[in-house]
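>>> What would the 3D arrangement of this be:
(4 chains)
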There are 4 protein chains.
Amino acid sequence: MPTPTASSKPLRVGIAGLGRLGLRHAENLAFRLRHCQLVAACSPVEAERSTAREHLGVGLVFDSLEAMLQGADLDAVVLVTPTSLHADQAIAVLEAGKHVFIEKPLALNVEDCERVEAVKARHPGLTAMVGFVRRFDPSYANAFDSIQANAVGKPFLVRSQTADQYSPDGFFVRFAGTSGGIFMDCSVHDIDLARWMLGSPKAVRAFATGTIACHPDLAQHKDVDNGLAIVEFEGGARAVLYASRTFAHGHETQTEVIGTQGQLQVGAGAARDRVVYSDTHGVRHLAVKDFFERFEAAFQLEMQAFVDSCLGLRTCPLTLQDATAATRIGLAITRSLHSGQPEAV
Amino acid sequence: MPTPTASSKPLRVGIAGLGRLGLRHAENLAFRLRHCQLVAACSPVEAERSTAREHLGVGLVFDSLEAMLQGADLDAVVLVTPTSLHADQAIAVLEAGKHVFIEKPLALNVEDCERVEAVKARHPGLTAMVGFVRRFDPSYANAFDSIQANAVGKPFLVRSQTADQYSPDGFFVRFAGTSGGIFMDCSVHDIDLARWMLGSPKAVRAFATGTIACHPDLAQHKDVDNGLAIVEFEGGARAVLYASRTFAHGHETQTEVIGTQGQLQVGAGAARDRVVYSDTHGVRHLAVKDFFERFEAAFQLEMQAFVDSCLGLRTCPLTLQDATAATRIGLAITRSLHSGQPEAV
Amino acid sequence: MPTPTASSKPLRVGIAGLGRLGLRHAENLAFRLRHCQLVAACSPVEAERSTAREHLGVGLVFDSLEAMLQGADLDAVVLVTPTSLHADQAIAVLEAGKHVFIEKPLALNVEDCERVEAVKARHPGLTAMVGFVRRFDPSYANAFDSIQANAVGKPFLVRSQTADQYSPDGFFVRFAGTSGGIFMDCSVHDIDLARWMLGSPKAVRAFATGTIACHPDLAQHKDVDNGLAIVEFEGGARAVLYASRTFAHGHETQTEVIGTQGQLQVGAGAARDRVVYSDTHGVRHLAVKDFFERFEAAFQLEMQAFVDSCLGLRTCPLTLQDATAATRIGLAITRSLHSGQPEAV
Amino acid sequence: MPTPTASSKPLRVGIAGLGRLGLRHAENLAFRLRHCQLVAACSPVEAERSTAREHLGVGLVFDSLEAMLQGADLDAVVLVTPTSLHADQAIAVLEAGKHVFIEKPLALNVEDCERVEAVKARHPGLTAMVGFVRRFDPSYANAFDSIQANAVGKPFLVRSQTADQYSPDGFFVRFAGTSGGIFMDCSVHDIDLARWMLGSPKAVRAFATGTIACHPDLAQHKDVDNGLAIVEFEGGARAVLYASRTFAHGHETQTEVIGTQGQLQVGAGAARDRVVYSDTHGVRHLAVKDFFERFEAAFQLEMQAFVDSCLGLRTCPLTLQDATAATRIGLAITRSLHSGQPEAV
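Have a look, this model is predicted:
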């Protein structure tokens, strides 16, 4: 890790949104990261503002992003707000001359992505990074480095899944109307991973199908709880994606990269830890419960990468173009789910 | 295993074709199975006839199926001949009043399958079984039994792959013109497994794509060395298939069955045995080299099942209709690979 | 496998003892092995004689070994009788000029072992083999071959365990008085494996301890249900042994061989098959239930090796000296368990 | 995690010793932990003092513990100094009225341990904790919690190993004269784990043996590079320990706890991450290189536990008595290695 001199001024960060994921980002910024200070927070929700003051010890607390941008002296803003607000808020932050971190997805349409890209292009000195957290997971990072070091030869196929543990409360069903559907909500991570591992080839076409296994209420949203997609890239590479909301054993994020000389697989089995039990149920390990548990270290490394990028200590590992490309593919997949036909990306 | 009385007359079997797979079937019939005798063999190849006499100790050796049917007193015939001959030969055996085992695939077109079905329908007392060997693998059999016992709830998704180790001699390329392509040659097993595990739902539609990673000569046959397909079934079940000719580590046949209450996976890792090595290459096991090694026990159990079915000791576990259904799906997948569009099954 | 010409005369085998393990050997001899015929059987138990006639189709059935030796024209005898009879019976078979297979252990004292060795020495043309079945397990055989091929450098430590699934009926407790104790009954296999893997060094000293976890009745036999031992060999090699009667998940036979360049492990996890389940119990596989299931293939390969040795088709892979050496070490371990001190081998 | 109010005064910590492990503790204290400030450091080595100033940003830097205790206003001191200094330094810190963390082992003789215990007894308000880091590893912690929740029934056997990757430079050989030998240096962790998992039974007797596989120079120190020990506890529990300096694949810390209803295993395979490679070397994962990599999270959690204990936010999870008991057992094992006889603890 690059070490700034002891006199480096820490990055002054404000956070917008302190829901479950926002709180995790905030705790990392406040307690676990180097080179930064969490100095401000904003939320329209009083309980979240109270958490900012009391649990996080943040001095400057506001009820809107606008107020925070005006009332606090910030270097950077972390947006963990509803997706529909991402584009406009990111633009507002950039226009205010501050670095911006945007929780994924950047937007649910390409136009919004491109609007943010355009503003960012006018502020080349600012960092704008979207939260594709898996790139910062140590296992995914090691896998990527191995591929760069030719461990699998030329990679030509990615198989990747995001599967959440079945939740009887069907939390996500209530958000089905605004989440963009299972592929925009879950597979967008796999899309980003596939592009990253394959060397960012241009996607050409996508085909999708799916089924409703456990959540019949999804039908009204034209969504599914188990979705399958194939993406075709220029040059012959392919990706097969699977997203599920109905796994019994836990959250299993799994990605295979198959190349001409070998292959690698990340995350199979989703082990919670290094403990194996042998008892009347067999020989077994427990699985991680959710992406929070699975990507705990990655969330911390991700935000450190953002902070360090803002300070010029390292290059930003993700561009807005990466986010736009993933959105574009996710939308083609979603169109295919609805049309039943392959759709051009 | 049902035990016939010591006085049961063993099944008198003749085999047609003593290539690599034929020889394995013949050795099982001659040396390892109960209730049968390998009494005759036929082959147009002198070396194979010589093997029959000297290695297998078969007394009656012929140069054609016709000659064998006339010259030997047989109860059953095992066909391990080129696919293009399967339908006519199976019909000839049935018309001769003998049980028939046909190595997979039954045929490369549905018409041929249905011709055999029609003849079989006129001989209800005869057994006609196609060699979907994986159903007899102990792991697949245990998986099927578990599903029947509700271990995964209602199964709705099968992911299945057949992957062969890369062979620099590209043996299969020379047969690409007559094999029916990667899906008819390899995935037909996965199709049969998917149907079996899902309770034989009716297939509706298929989509396929693929890529050529290592064998450019395949292009002239409109074939690929890595193929991907999705099959949609009535009632919402889905199958995702993957076939490869280019794996570096060995032959990896792998099948997942995902249900509403859990899932199971057969064959991941393709371990050759129970040995794990820890050395400078890491912590590792070796993989099986090919389907011969992987399904050694299954080939034996499969043929025992055929023999026992012929003798009325058990019900034939596979019907010709299963073979026809798999062929139908495999053909739709292959059409989709060529058209680039989903194809009706 | 060497292939005798079709005219080779098969080995005529008689079996003594048709208990659970005897029946397995008999079924292999009758139905699954090449180059042999099971022509005779003897047992003092009428039910076993009846099984021989009806299930196995054996023509010549006797109520004693003596009667069988007199009444049947045999080339070889397989002894699966109580351990206390092994030595005298083996000698009787050898003196009758027949090959002999003796189920392990050869004897519970060194004197008996040496008596058999002495008789065998007078019949150099006969095969006498003791049933250390694990040497014929494909995984152990592959492990041995790897070590011979220098896969772990110079091996210097073996850790090996034999662990049976807990049985509430405590079957083995009733035999504790005659079994020789846990080390003679279970660890003798691990002792043989350790010697084999380490290149048969001379054992010098042994130390043992143990505990009674679940079967208090063992105390009266001075036996334990979980035993631990360390064996010291000349030249610095060591073995650590563990035997248990109380495993919850199944039968787990496990052996590690540690060398100067790496290590290998056989049997960890004791997977029943290639199926992995992911459900509310975690990600898991089932374990084999008992040594019968674990070593099914090995029992077959072992008896084939005996048959082939008798016929001169291969060299006998196990000598009586191997059995004597294992007995000697097992006895030293057992003495140490009772004395609490290291005991010279 | 308990959350002190935002106004809590952080713990003011000084560190003594900034070698490899000291630096890790210092970085955690300076950058990654809550509720503390690293305000002072001392070392007799100029390079380490320079690191303290420039890399860690510590304002108060001294060349001796005495100078630091006088010159800095501290609440707690972390000792990462040579083992021979631990006891006297710990006493000095406690007598100065400050909490103390002592890197393991507390001492190489029981008298020193008891001297520290006696001083600590006179300062009941101070925390004194020894660095048995594995107790803070999430996997070991989960294992312990499972055992407390009766996952394995009554535990009666622990098998535990500490194995370091072979290092051609034989770093540890140079320290063999002062390290106390392989059991005091490595197995002391396993001893502590065994006591912890088994419910802290009283150890009665120990037996040890070992071998020199790769480092002949150890003979002059009466040490071995592969050591084996058995510990007998009152009530029947047993522990089997293995320590090695010569593993080819990495650092493998592994612990099994076997109980009457099941068993669990921590750390087998020592996977570096969640990546599995399939290539011409087989199906494999890489192993962690050393205890630094293996216990990265544990070192952080350990120090947080110490800080929180000092602040009264939680109870100190480890007592000096635990350290004394482990030392006592380690010394008996070491005596047994030299005497060749079981030794009373």
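>>> how about the residues of chain A near chain C?
Applying Cβ under 8 Å from any Cβ of the partner chain, we find that chain A lies next to chain C at A:247-249, A:252, A:269-271, A:277-287. In this view, the C-beta of every residue, glycine as well, is placed from N, C-alpha and C.
>>> Of the residues you listed, grab the buried ones for PyMOL.
The PyMOL selection below is limited to those of those classed as buried (16 or more other Cβ atoms under 10 Å in any protein chain shown):
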select buried, chain A and resi 247+248+249+252+269+270+271+277+278+279+281+282+283+284+285+286+287
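>>> near chain D, from the residues of chain A next to chain C?
Near chain D, by the rule Cβ under 8 Å from any Cβ, you find A:Ala271, A:Tyr277, A:Ser278, A:Asp279, A:Thr280 out of these.
>>> Just these: which are in strands?
With DSSP state E as the criterion, strands contain A:Tyr277, A:Ser278, A:Asp279 from among these.
>>> Pull the contacting residues for the last one.
If I follow you right, that is A:Asp279. C:Ala248, C:His249, D:Ala151, D:Val152, D:Gln261, D:Gly262, D:Gln263 (Cβ atoms under 8 Å, 6 or more residues apart in numbering or on different chains).
>>> For the last one, list each beta-bridge partner.
Judged by DSSP bridges, the bridge partners of D:Gln263 are A:Ser278, D:Ile258.
>>> From D:Leu241, how far out is it?
17 Å (Cβ to Cβ, to the nearest Å).
>>> neighbour count winner among the two?
D:Leu241 (30 against 27; other Cβ atoms under 10 Å in any protein chain shown).
>>> and that one, backbone torsions?
Dihedral pair for D:Leu241: phi -120, psi 150, per degrees, to the nearest 10.
>>> and it, what are its bridge partners?
D:Ser160, D:Ala229.
>>> My guess is it contacts D:Gln161. True?
Yes - between D:Leu241 and D:Gln161 there is a contact under Cβ atoms under 8 Å: 7.1 Å.
>>> Tell me how far A:Ala141 lies from chain B.
According to Cβ to the nearest Cβ, to the nearest Å, A:Ala141 and chain B sit 18 Å apart.
>>> Would you mind listing what in chain A touches chain B?
A:153-154, A:156-157, A:159, A:207, A:209-214, A:226, A:228, A:230, A:232, A:236-238, A:240, A:242, A:244, A:246-249, A:258, A:260-263, A:268, A:340-342.
>>> hmm, which of the residues you listed are the buried ones?
For the residues of chain A next to chain B, buried by 16+ other Cβ under 10 Å: A:153-154, A:156-157, A:159, A:207, A:209-214, A:226, A:228, A:230, A:232, A:236-238, A:240, A:242, A:244, A:246-249, A:258, A:261-263, A:268, A:342.
>>> Just the ones of these in strands?
Per DSSP E, these map to strands at A:156-157, A:159, A:207, A:209-211, A:226, A:228, A:230, A:232, A:238, A:240, A:242, A:244, A:246-247, A:258, A:263.
>>> picking that back up, shared neighbours of D:Leu241 and D:Gln161, which are they?
D:Asp190.
>>> how about the nearest residue to A:Thr178, chain neighbours excluded?
In this structure, A:Thr178 finds its nearest non-sequential neighbour in A:Ser84, 6.9 Å apart by Cβ to Cβ, 6 or more residues apart in numbering or on different chains.
>>> coming back round to it: so which of the ones next to chain D among the residues of chain A next to chain C comes closest to chain B?
A:Ala271 (14.4 Å; Cβ to the nearest Cβ).
>>> separation between the closest one and A:Gly330?
Taken as Cβ to Cβ, the span from A:Ala271 to A:Gly330 is 29 Å.
>>> How about A:Gln263?
In terms of Cβ to Cβ, A:Gln263 sits 25 Å off from A:Gly330.
>>> ditto for A:Ile182
10 Å.
>>> now do A:Glu117
Relative to A:Gly330, and taking Cβ to Cβ, A:Glu117 is found at 17 Å.
>>> more crowded one of the two?
Taking neighbours as other Cβ under 10 Å, A:Glu117 and A:Gly330 compare with A:Gly330 leading, 30 against 18.
>>> List the buried residues of the host helix or strand of the residue nearest to A:Thr178.
Assessed by DSSP states H and E, A:Ser84 sits inside helix A:83-95. Within helix A:83-95, the residues that count as buried by 16+ other Cβ under 10 Å are A:Thr83, A:Leu85, A:His86, A:Ala87, A:Gln89, A:Ala90, A:Ile91, A:Ala92, A:Val93, A:Leu94.
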